[in-house]
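1. next input, structure requested:
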Amino acid sequence: MSSEEFAPPKYAQIVQAIRQKIADGTYPPGSLLPSETQLVREFGVSRPTVVRALQVLQLRGVIEREHGRGSFVKAAPPVSAEQSGRPGRAVLDRVETGENCSIVEAGRQVATAPVAKLLDVPEGSPVVRRRVLFRDDERPTDLVTVWCPAHQADDTQLGEAEPLTVGIRQHLQTRKGLKLQHVVERLSARHPSAEEAKLLEIRKTTPVLGVLASVFNGGGRPVMVVDLVMPGDLHELEDSYSL
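-> As a prediction, the model looks like this:
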């Protein structure tokens with residue numbers, strides 16, 4: 001096998017390169033990173049790949065993005081759980097219009113037994129399911145499915161087949177005044193379902209990383225379930241914490 005088979009995806013290579021330049025002082029704290037157009041030329045990738053890399057850096061607390069101004073390097077903060085990688089949180093803050101994605105499904109259906117149990121609602125209750133497939137230059141990178149009770153999705157765009165212009169967390173707070181307080185994640189390595197394999201363009205025997213996240217409000221009630229499926233050969237989960 002060639003070493004290229006083990007190379008990280010392009011967006012991860014950009015993340016590594018920028019973090020290295022921050023570490024060696026090329027991009028000091030407070031400095032402005034090259035524009036998206038400049039990064040596209042530098043790394044020879046598409047704009048969605050660059051945008052995804054910048055979003056990863058933002059979610060990890062490395063940079064701060066300001067609309068109309070660009071991306072700025074943040075001062076190195078102390079490591080905390082809030083700044084470390086959290087897949088469920090990343091999904092809730094992900095902006096669909098900033099990435100190469102397609103809405104596979106969005107609308108009402110009845111809650112199956114497993115979903116009803118996670119949402120603490122009766123089986124057969126109306127829920128809204130939103131499924132979004134994300135891609136990079138070469139192939140699908142992850143599949144996100146969100147379920148929430150139908151009354152929580154009323155007056156929101158979760159059930160509409162159009163990309164969201166803000167993250168789900170901000171969207172719910174703006175439209176419903178709903179604050180999402182904490183997430184319980186369960187990680188697993190498994191084989192994809194037939195539908196997941198088809199959407200992700202992988203074999204049924206290809207391992208995937210699955211993240212099942214229950215999202216709770218301030219009263220401790222589950223208000224959303226997020227299912228994130230990622231091809232195992234494209235992703236690794238990173239965390240950092242103090243001892």
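2. per-residue pLDDT of the most centrally placed residue in the chain, please?
-> Closest residue to the average C-alpha location of the chain: Val91 at 3.3 Å, with C-alpha atoms, centre = their mean. pLDDT recorded at Val91 is 88.
3. so who does it touch?
-> Under the criterion of C-beta atoms under 8 Å, 6 or more residues apart in numbering, the contact list for Val91 reads 144, 146, 168, 213, 226, 228. No exception for glycine: its C-beta is placed from N, CA and C like everyone else's.
4. need the max-distance pair from those.
-> Ile168 and Leu228 (12.4 Å; C-beta to C-beta).
5. and the two? Which one has more around it.
-> Ile168 (25 against 22; other C-beta atoms under 10 Å).
6. tell me, how many residues neighbour the closest residue to the more buried one other than its chain neighbours?
-> Once flanking residues are discounted, Ile168 sits nearest to Leu92: 5.1 Å by C-beta to C-beta, 6 or more residues apart in numbering. Neighbour count of Leu92, defined by other C-beta under 10 Å: 21.
7. from Gly220, how far off is Leu92?
-> Leu92 is 18 Å from Gly220, where distance means C-beta to C-beta, to the nearest Å.
8. try Tyr27
-> Here Tyr27 is placed at a distance of 42 Å from Gly220 (C-beta to C-beta).
9. higher neighbour count, these two?
-> Using other C-beta under 10 Å as the criterion, Tyr27 and Gly220 rank with Tyr27 on top: 21 against 8.
10. element containing that one?
-> Counting by DSSP states H and E, no helix or strand carries Tyr27.
11. so it makes contact with Gln20?
-> No - if you go by C-beta atoms under 8 Å, Tyr27 and Gln20 don't touch, sitting 9.7 Å apart.
12. next one: phi and psi at Leu39?
-> phi -70, psi -40 (degrees, to the nearest 10).
13. list the buried residues for stretch 191-203?
-> Buried residues in stretch 191-203, counted by 16 or more other C-beta atoms under 10 Å: 192, 196-197, 199-200, 202.
14. in helices, which of the contacts of Val91 appear?
-> The helices, defined by DSSP state H, take in Ile168 from these.
15. lowest-confidence member of the contacts of Val91, which is it?
-> Ranking these by pLDDT, Ala213 lands last with 91.
16. can you tell me which residues contact the nearest residue to it once chain neighbours are set aside?
-> Using C-beta to C-beta, 6+ apart and skipping the chain neighbours, the partner closest in space to Ala213 is Gly88 (3.4 Å). By C-beta under 8 Å, 6+ apart, Gly88 lies in contact with 183, 185, 211, 213, 215, 226, 228.
17. re the thing from before, out of the buried residues of stretch 191-203, which are inside helices?
-> The helices, defined by DSSP H, take in 196-197, 199-200 from these.
18. pick the one among those residues closest to Ser35.
-> For these, the minimum distance to Ser35 (C-beta to C-beta) is 31.3 Å, reached by Leu200.
19. wait, what's in contact with that closest one?
-> Counting by C-beta under 8 Å, 6+ apart, Leu200 touches 133, 140, 142-143, 192, 208, 229, 231.
20. go through the one helix or strand Gly107 maps to and flag the buried ones.
-> Using DSSP H and E, Gly107 sits within strand 101-110. Residues of strand 101-110 classed as buried: 101, 104, 106 (neighbour count, 16+ other C-beta under 10 Å).
21. got it, and stretch 18-33?
-> By neighbour count with 16+ other C-beta under 10 Å, stretch 18-33 contains the buried residues 18-19, 21-22, 27, 33.
22. just flag the most distant two among these.
-> Arg19 and Leu33 (11.5 Å).
23. just checking, Pro126 touches Gln152?
-> No - in this structure Pro126 lies outside contact range of Gln152 using C-beta under 8 Å: 10.6 Å.
24. the more surrounded of those two?
-> More crowded of Pro126 and Gln152, by other C-beta under 10 Å: Gln152, with 19 against 13.
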